[in-house]
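Enquirer: coordinates for the following, if possible.
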Amino acid sequence: MSSLGPPVQIAYAVSDIFKGVDKWVKDFGAGPFFISEHIPIKNIIYRGLPAELDITVAYGQLGEIMIELVQDNGKGPSIIRDLYSPQQSGLHHLAYFVDDLDLASAKLIKLGYVLAMTGQARHNRFQFFDAISEMGHFIEIYEPIESLKFLYERVKNASINWDGSDPLRAR
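Expert: Okay, here's the model as predicted:
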């Protein structure tokens, strides 16, 4: 796992994105958060089979790390539902930037982690590996393409000297 480096994001599944953002802002001072509702994700393969995923996410910053809150809007099986019912919330995954998605994927598989889901949001390909039995959560990997680096920079820059106003913003 040392080849992955430090995580760039900690993600939590939430039952209600708005309540989740409110909690992270009030209890931990994270933010501001940028929301994307019903993110269009294509080419999803969930546990070896074609699937659909309807999620709403909010991205915020806590110190040096991005916090992602994820609400599963769907009814079917998903990597969110693998850990939590619609009413539950909790740690879902740690995300890592990797230089080569296919090489990092092969290394994780060689280490015994099962590829749980692949997909693509805009131009960003991503993969989730099941680390539940070892760590209690998933591992997400993706390459730091320009649009993704821009999102990370935008979220981090918004947090600098943030005064707590306008805690939820459109992405």
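
Enquirer: beyond the helix or strand containing Val25, next helix or strand please.
Expert: Per DSSP states H and E, Val25 falls inside helix 17-28. Later in the chain than helix 17-28, the nearest helix or strand by DSSP H and E is strand 33-36.

Enquirer: sorry, back to before: so which elements touch the helix holding Val25?
Expert: strand 33-36, strand 55-62, strand 65-72 (3 or more Cβ pairs under 8 Å, 6 or more residues apart in numbering; DSSP states H and E). In this view, the C-beta of every residue, glycine as well, is placed from N, C-alpha and C.

Enquirer: let's see it at 7 Å
Expert: Here helix 17-28 touches strand 55-62, strand 65-72, going by 3 or more Cβ pairs under 7 Å, 6 or more residues apart in numbering; DSSP states H and E.

Enquirer: check which residues of it are buried.
Expert: Ile17, Gly20, Val21, Lys23, Trp24, Val25 (16 or more other Cβ atoms under 10 Å).

Enquirer: which two in these are spaced the farthest apart?
Expert: Spanning the widest gap among the buried residues of helix 17-28 are Ile17 and Val25, at 12.4 Å by Cβ to Cβ.

Enquirer: separation between Tyr59 and Leu103?
Expert: From Tyr59 across to Leu103, the span is 26 Å (Cβ to Cβ, to the nearest Å).
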